[in-house]
Every structure is written in C-alpha cells, then in structure tokens.
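**Q** test case, fold it:
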Amino acid sequence: MARIAGVDLPRNKRMEVALTYIYGIGRSSSRKILRQANVDLDRKSDDTSDEEIVRIRQVIDASHKVEGDLRRDVAGSIKRLMDIGSYRGLRHRRNLPVRGQRTHTNARTRKGPRRTVAGKKPPPGKK
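**A** Model prediction:
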C-alpha cells in the first residue's frame, strides 16, 4: 500500500483516482502530477513501483500544498476573516451559510436539526 503525504492510498484503484484521497488534490491536479511524474493514469495503485511513488512524492512536495499545511492555511484564512469582523467572518462565527444562501428555509446542513419553538401555533387544519 502506497503512502503519500501521510495518507494511505486505497488499494486497487486507478492512480488518477487514488491521489484524490489526499486533501488538496482533485482530479485535474492528480492528472497533472501523474503526467509530471511520468506515471500512467490507468495504472492501479497496487501495481505502482516504489520508484514511481517516490517520483509522485517529489512532484507533490515541489509544487503542491496538501494535507496539514493546506488545512492550516484554510483555518488561518477563516480565523483572519473572523478577527477583522468582516461579514463572511461573522457568518463563520455564527455557523451560518457564508456564500449568500437563504436561511429562512433550508440551510439545515449549517444550522443543524430544527429546534422547535414553544408556544407556536399548529398549522391550519391540525389540532
């Protein structure tokens, strides 16, 4: 099992897909990395040789920010927005949608399960 950037790549998947298990690498950047490392996109992760994995590691280290460093940068950017008191920072602080979505209905992913309000009238037709 190959281990790159602190992540065990899944067994028996194409390298193009297996690299996407690393935080910060998507499909297109995985293709670029494999082309630079001169590794076949369709090769299974089990079948890659150690020297190919070393080449992939070198390309990722040289030109991509992944896993812990990237997570730290994203968290730092969000913290900066919250510290300067920007609108986006306030939305992060209140755990509400940041990108302009409506919250009157929906937004359940950010807001969590509904909290029923005491004393609210039942809808018409129900008693």
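**Q** roughly how far apart are the most centrally placed residue in the chain and Gly76?
**A** Per CA atoms, centre = their mean, the C-alpha nearest to the average position across the chain is that of Tyr23, at 5.9 Å. Summarising the geometry, the distance separating Tyr23 from Gly76, computed by CB to CB, to the nearest Å, is 15 Å. Placement of C-beta: from N, CA and C, glycine included.
**Q** the longest helix belonging to the chain: what's the following helix or strand?
**A** Longest helix of the chain, by residue count under DSSP state H: helix 67-84. With elements assigned by DSSP states H and E, the helix or strand that comes after helix 67-84 is helix 87-93.
**Q** pLDDT averaged over that following helix - what is it?
**A** Average pLDDT, helix 87-93: 96.
**Q** show residues contacting it.
**A** When contacts are defined by CB atoms under 8 Å, 6 or more residues apart in numbering, helix 87-93 is touched by residues Ile78, Arg80, Leu81, Met82, Asp83, Pro97, Val98.
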